[in-house]
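In: what follows is a predicted protein model with its sequence.
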Amino acid sequence: MRLRLVFAFAVLAIAAALPHASVRADDKGAAADTCRGVDMLAETAARDPQTYSRIMAEAAATKNAGAILWRIEKDGRPASYLFGTVHLTDERVTSLSPAVKAGLNEAKVVALEVSDLSETATASVIAQSAPLVMFTDGRRLDSLLSNTEYDAVKTIIARSGMPVDLAASFKPWIVTMILSVSDCERNKVQQGARVLDMKIAEIGKARGLDVVGLETIPAQLESLAAVPEQQQIDMLRASLKFADRTNDMMETLVQLYLSRKISAAMPFQIALAQQAGVTDQAFAGFQEKLLTERNEKMRAVAEPLLDKGGVFIAVGALHLPGDKGLVALLRESGYTISPIE
């Protein structure tokens, strides 16, 4: 499975906010569509039942994977909530359940991965973080890829609305990130559609609540840029093999989220990565930087807020499950964490 699925869960909002050109007239219809594709996991079940069974067995063995909304309690303080999001505009995920709305109504503070993911804020930070995003030592992306691969990168950059002559300067990880967002989804964001996290932020602000970030955009960029370069190249090559299936990847993400089977994302991703020739080592390094290390940092920032109670935390759903997920880490810190839905 391809690495873009985790990118979509964890940092899709940043990619969607990357600077891009105005929506062309012939794109408006596409932007108004639902951007729905094919569920690739269901496709795998029909085509390769053995691989599907292995994926689902690994998912079932993952701890704390059956819910996306959790109640957090400690020593009689007001309850807090932990909500796993998916950074998409799809109305199937942005329509909040009664339980999520109730948790938000109880909150005194809303905590997101990043408090401001507007295009203006993101573009400003990226402009100030050029060494993380672009080569500054004279190297070029086209020297790291085959001619065919680099031609595909240029096509992707052009479709995103950015100047093609920037392609050679981009580091591999940022191109993979751009690949994680379909043209349709990017156009929807530009036309004003809000990803789930942004919607939660707007609800909090409308109620006069403090909306804070557990991370900063520079910190997220640093995490991505810290993945070893060869692993970045491997991930980009894997993503390029599936470049024509971005809407399908996003539909797969949505189906896993709605069915509360988000723990299948990682083993499915590994299966596609292997199919694309990516080593387990490359994938493990990516997972360590993008999920495990960030979970520890988010826990450290969240705990002072949780100690006061009344916090609604909303972060990418893949940050919740597993031995090193936020649910396990917060339990380790002495909080009582109970699944709601």
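Out: Sure, I can see it. This structure is a prediction, so every number in the text was calculated from the model and none was measured.
In: got phi/psi on E73?
Out: phi -140, psi 150 (degrees, to the nearest 10).
In: so E43 lies in a helix, does it not?
Out: Yes - using DSSP: H, G, I helix; E, B strand; the rest coil, the secondary structure at E43 is a helix.
In: how many other residues sit next to it?
Out: Residue crowding around E43 was assessed by other C-beta atoms under 10 Å; the count is 14. Yep, even glycine has a C-beta here, placed from its N, CA and C like the rest.
In: right, and V93 touches A193 too?
Out: No - using C-beta atoms under 8 Å as the test, V93 is too far from A193 to be in contact (11.9 Å).
In: in the stretch 1-150 of the chain, what residue spans correspond to strands?
Out: Using DSSP state E, counting those that start in this stretch, the strands of the stretch 1-150 of the chain run over 69-73, 80-85, 109-112.
In: for the ones you listed, give me TSV that also has mean pLDDT.
Out: Converted to TSV, the strands of the stretch 1-150 of the chain look like this (pLDDT from 0 to 100):
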stretch	mean pLDDT
strand 69-73	99
strand 80-85	98
strand 109-112	98
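In: please work out which of the ones you listed is packed deepest.
Out: strand 80-85 (a mean of 26; mean count of other C-beta atoms under 10 Å).
In: what's the offset of it from the middle of its chain?
Out: 15 Å (C-alpha atoms, centre = their mean, to the nearest Å).
In: show me what it is packed against.
Out: strand 69-73, helix 98-106, helix 196-206, strand 311-316, helix 326-332 (3 or more C-beta pairs under 8 Å, 6 or more residues apart in numbering; DSSP states H and E).
In: what's the first helix or strand after the longest one?
Out: The first helix or strand that comes after helix 196-206 along the chain, using DSSP states H and E, is strand 210-213.
In: after that following strand, which helix or strand is next?
Out: Taking DSSP H and E, what comes next after strand 210-213 is helix 217-225.
In: picking up where we left off before, quick one, which of the helices and strands packed on strand 80-85 is nearest to V125?
Out: Closest approach to V125 among the helices and strands packed on strand 80-85 (C-beta to C-beta): helix 196-206, 16.2 Å.
In: buried set for the closest one?
Out: 196-201, 203-204 (16 or more other C-beta atoms under 10 Å).
In: swap in stretch 128-145?
Out: For stretch 128-145, by 16+ other C-beta under 10 Å, it's 132-133, 135, 141-142, 144-145.
In: need the strands of the stretch 1-150 of the chain in a markdown table (columns: distance to R331).
Out: Putting those into a markdown table (distance: least, C-beta to C-beta, whole Å) gives the following:
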| stretch | distance to R331 |
| --- | --- |
| strand 69-73 | 10 |
| strand 80-85 | 11 |
| strand 109-112 | 18 |
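In: nearest to G277, of those?
Out: From these, taking C-beta to C-beta, the stretch that ends up closest is strand 80-85, at 30.5 Å.
In: just want the angle from that closest one to helix 196-206.
Out: 140 degrees (axes from the mean of the first three to the mean of the last three C-alpha atoms, to 10 degrees).
In: strand 80-85 pairs with which strands, parallel or anti?
Out: strand 69-73 (antiparallel), strand 311-316 (parallel) (DSSP bridges).
In: out of those, flag the one nearest D183.
Out: strand 311-316 (22.2 Å).
In: any idea of the mean pLDDT for that closest one?
Out: Per-residue pLDDT values over strand 311-316 give a mean of 98.
In: for it, which positions count as buried?
Out: For strand 311-316, the neighbour count (16+ other C-beta under 10 Å) marks 311-316 as buried.
In: pretty sure L196 is touching F83, no?
Out: No - counting by C-beta under 8 Å, L196 stays clear of F83, with 9.1 Å between them.
In: next, show the common contact partners of the two.
Out: Listed as contacting both L196 and F83 by C-beta atoms under 8 Å, 6 or more residues apart in numbering are A314.
In: could you export the strands paired with strand 80-85 as TSV, including distance to T120?
Out: Formatted as TSV, the strands paired with strand 80-85 follow (distance: least, C-beta to C-beta, whole Å):
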stretch	distance to T120
strand 69-73	31
strand 311-316	21
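In: mind listing what E251 touches?
Out: Counting by C-beta under 8 Å, 6+ apart, E251 has contacts 36-40.
In: I should have written N295 there, sorry.
Out: By C-beta under 8 Å, 6+ apart, the contact list for N295 reads 319, 324-326, 329.
In: and which of those residues is nearest to S53?
Out: Closest approach between the contacts of N295 and S53, by C-beta to C-beta: G325, at 23.7 Å.
In: burial count for the closest one?
Out: Using other C-beta under 10 Å: G325 sits among 24 other residues.
In: for it, give its distance to I262.
Out: Plainly put, G325 is 10 Å away from I262 if you go by C-beta to C-beta, to the nearest Å.
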